[in-house]
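K.L.:
Attaching a predicted model along with its sequence, questions to come.
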Amino acid sequence: MALATVNPTTAATETIIEPHTPEEVEQRIAAAAAAASTLRSTTFAQRAGWMNAAADILDDQAEGLGELITVEMGKPIAQSVAEVRKSARAMRFYAEHAEGFLAGEPLEDPSTVGASRAWTRYEPLGPVLAVMPWNYPLWQVIRFAAPALMAGNTGLLKHASNVPQAAMFLDTLFERAGFPAGAFRTLLIGSADVAAVIEDPRVTAVTLTGSEPAGRSVAGTAGRSVKKAVLELGGSDPFIVLPSADLAAAAETAVRARTSNNGQSCIAGKRFIVHTDVYDAFVADFTARMSRLVVGNPLLPETEVGPLATRAGRDELAELVDDARDRGATVLTGGFVPEGDGFFYAPTVVADIPDDARLVLEEAFGPVASVYRANDNADALRIANQTRFGLSSSVWTTDPDEEAWFTANLDAGAVFLNGMTVSHPELPFGGIKDSGYGRELAADGIREFCNLKTVWKA
Ligand code: NAP
């Protein structure tokens, strides 16, 4: 199986990269294991110096890297460059804060456990495998790699098969910045080869960002091997609009929440749940804005929505909309594949969706918004929580009681009030239910792949 860059704007195959041979995979795992012993004996200051140097490389090459991302997976160029810069920011964040996040804690009164002293310390685990998706080909990897390397772990990357150029850029990034050879390596392998890497005794843990089926498979293997796993899976986030909200701001943000990254974001607002009192006004404004979006070549600065990353992803999205329409849903705008070779899909709003439609139950990974009319707040919460996913959520209200009630009762890993969900290095990120488990980012993210060691002294 070859790994390939297929430009989603043109459907042309730009680059084919041969996967690593079993011998090359073995060498790379061995290098990661050897580097793990070196890295754990380095200081936070040394690692921070290398991490900041890696961030400098990203900042210096932001424009070129942005173009690489856009050609590989199709997001508008300004968003690609912003992804590079955000990745650099996360690296600097962990360079600065890792030592504080991993400072052990003394037990205040050690006599309660019969000790003269008792304390905890965070230690690295060793090589960690990261199985990553194509939708943020740099950011998803960096938000694992920056905390992992700062904690003294080493990283092995199995990137999505359609972004091999991003994978190969990342393969050398950390070494170029000064990290020991083998501290971070890409494995050019297919998904069928992942289980053997997880089972390898030198690999200590695994993190996967991707779809639910991939998560189940990886977690199963990790479970059988008794290895720690973090899963960041899909989402079908609710975006709830209540009568007291600033409707124009909500509609404007709803469009960005749904179509950023060409609609291929796990934390995109996907289901727009609108209180009946403001439903007609909100949906009319939202639909008008969705229909005005500029769709086209993502390398052009005026483009707001580019192609889907793959033909299969585009076709699957079209099937979801067709299924809803066949079952009686109303397509308010879009709902078609534009003419041309690329993997485009028109920005779409679907209303009156029957409960058995796939669009209600599955994640729509593209610029397709589902709108739901809620009779009251309880109905809005019911619709929001009826999905098996639980990644994030967004609630639009200026009523403090509503704010508190939805915050407490939404089944989600995050609630964003009067704003769209965005990941920040400073805030923990992750989901519940079928959206996965564990957290990335902030202090919680760096502690996931550490041995929290307890020390007791007589
Ligand atoms: P995907 O098909 O699950 O692929 C993700 C990664 O998993 C790829 O590297 C893929 O390799 C690998 N993979 C697929 N099946 C596997 C298996 N059975 N065993 C081991 N590895 C396997 O997902 P995607 O289509 O690239 O990404 C979209 C999904 O990711 C969406 O559901 C989205 O919501 C989710 N996502 C979640 C987050 C989050 O933080 N929660 C963030 C971004 C995306 P191949 O490419 O070789 O198949």
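P.N.:
Perfect, I can see it now.

K.L.:
contacts and neighbour counts: CA atoms only from here.
P.N.:
Fine.

K.L.:
can you pull out the strands in the stretch 251-400 of the chain?
P.N.:
Using DSSP state E, counting those that start in this stretch, the strands of the stretch 251-400 of the chain run over 269-275, 330-333, 348-351, 368-374, 389-390, 394-396.

K.L.:
Relative to residue 62, tell me which of those strands wins on proximity.
P.N.:
Nearest to residue 62 among these is strand 269-275; the distance by Cα to Cα comes to 27.4 Å.

K.L.:
What parts of the stretch 51-200 of the chain come near the ligand?
P.N.:
Listed as neighbours of the ligand in the stretch 51-200 of the chain under the rule Cα under 6 Å from any ligand atom: 131-134, 158-161, 190-191, 194.

K.L.:
By neighbour count, which of those residues wins?
P.N.:
With neighbours taken as other Cα atoms under 10 Å, the top of those is residue 159, carrying 29 neighbours.

K.L.:
That residue is in contact with residue 194, isn't it?
P.N.:
No - using Cα atoms under 8 Å, residue 159 is not in contact with residue 194, being 10.7 Å away.

K.L.:
and the residue in the stretch 1-150 of the chain positioned nearest to the ligand, what element?
P.N.:
Closest residue of the stretch 1-150 of the chain to the ligand, Cα to the nearest ligand atom: residue 133 (3.8 Å). Under the criterion of DSSP states H and E, residue 133 resides outside all helices and strands.

K.L.:
can you list the strands of the stretch 251-400 of the chain in JSON lines and add mean neighbour count, mean pLDDT and distance to residue 383?
P.N.:
Supplementary listing: the strands of the stretch 251-400 of the chain in JSON lines, determined by neighbours: other Cα atoms under 10 Å; pLDDT from 0 to 100; distance: least, Cα to Cα, whole Å:
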{"stretch": "strand 269-275", "mean neighbour count": "27", "mean pLDDT": "98", "distance to residue 383": "7"}
{"stretch": "strand 330-333", "mean neighbour count": "18", "mean pLDDT": "98", "distance to residue 383": "18"}
{"stretch": "strand 348-351", "mean neighbour count": "22", "mean pLDDT": "98", "distance to residue 383": "14"}
{"stretch": "strand 368-374", "mean neighbour count": "25", "mean pLDDT": "98", "distance to residue 383": "8"}
{"stretch": "strand 389-390", "mean neighbour count": "27", "mean pLDDT": "98", "distance to residue 383": "12"}
{"stretch": "strand 394-396", "mean neighbour count": "25", "mean pLDDT": "98", "distance to residue 383": "13"}
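
K.L.:
pull the CA atoms of stretch 232-244 into PDB?
P.N.:
The C-alpha trace of stretch 232-244 is given here as PDB (Å, rounded to 0.1, in the frame of the first residue of the first chain):
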ATOM      1  CA  GLU A 232     -10.100  11.900  21.000                       C
ATOM      2  CA  LEU A 233     -12.900  10.700  18.800                       C
ATOM      3  CA  GLY A 234     -15.800  12.200  16.800                       C
ATOM      4  CA  GLY A 235     -18.400  14.700  17.900                       C
ATOM      5  CA  SER A 236     -21.800  15.900  16.900                       C
ATOM      6  CA  ASP A 237     -21.800  19.100  19.000                       C
ATOM      7  CA  PRO A 238     -25.000  21.000  19.800                       C
ATOM      8  CA  PHE A 239     -25.100  24.700  19.200                       C
ATOM      9  CA  ILE A 240     -28.100  25.900  21.200                       C
ATOM     10  CA  VAL A 241     -29.700  29.300  20.500                       C
ATOM     11  CA  LEU A 242     -32.100  30.700  23.200                       C
ATOM     12  CA  PRO A 243     -34.400  33.700  22.900                       C
ATOM     13  CA  SER A 244     -32.300  36.100  25.000                       C
END
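
K.L.:
Quick check: buried residues in it?
P.N.:
For stretch 232-244, burial by neighbour count (16 or more other Cα atoms under 10 Å) applies to 232-243.

K.L.:
do the same with stretch 395-415
P.N.:
For stretch 395-415, by 16+ other Cα under 10 Å, it's 395-397, 402-403, 406-407, 410-415.

K.L.:
ok so, going back, pull the most distant pair out of the residues of the stretch 51-200 of the chain next to the ligand.
P.N.:
It's 134 and 194 that sit farthest apart of those, by Cα to Cα, at 16.4 Å.

K.L.:
phi, psi of the residue in the stretch 251-400 of the chain that the ligand sits nearest to?
P.N.:
Nearest residue of the stretch 251-400 of the chain to the ligand (Cα to the nearest ligand atom) works out as residue 266 at 3.5 Å. Taking degrees, to the nearest 10, you get phi -60, psi -30 for the backbone angles of residue 266.

K.L.:
what's the domain layout of this structure?
P.N.:
Following automatic domain parsing, one gets these domains for the chain: 3-233+435-457, 237-424.

K.L.:
picking that back up, which residues touch the residue of the stretch 251-400 of the chain closest to the ligand?
P.N.:
Under the criterion of Cα atoms under 8 Å, 6 or more residues apart in numbering, the neighbours of residue 266 are 233-236, 365, 391.

K.L.:
For residue 90, pull up the helix or strand it's in.
P.N.:
According to DSSP H and E, residue 90 maps onto helix 77-101.

K.L.:
In that helix, which residues are buried?
P.N.:
77-81, 83-99, 101.

K.L.:
Which SSE is immediately downstream of that helix?
P.N.:
Next along from helix 77-101, by DSSP H and E: strand 117-124.

K.L.:
Pretty sure residue 431 sits against residue 237.
P.N.:
No - counting by Cα under 8 Å, residue 431 sits too far from residue 237 to count as a contact (10.6 Å).

K.L.:
any residues in contact with both of these two?
P.N.:
Both residue 431 and residue 237 are contacted by 390-392, under the criterion Cα under 8 Å, 6+ apart.

K.L.:
what about the residue lying closest to residue 451 once chain neighbours are set aside, distance to residue 138?
P.N.:
Spatially, and ignoring its direct neighbours in sequence, residue 451 is nearest to residue 123 (5.0 Å; Cα to Cα, 6 or more residues apart in numbering). Per Cα to Cα, to the nearest Å, residue 123 is found 26 Å from residue 138.

K.L.:
Among those two, which residue is more densely surrounded?
P.N.:
Set residue 123 next to residue 138 and count neighbours by other Cα under 10 Å: residue 138 wins out with 27 against 18.
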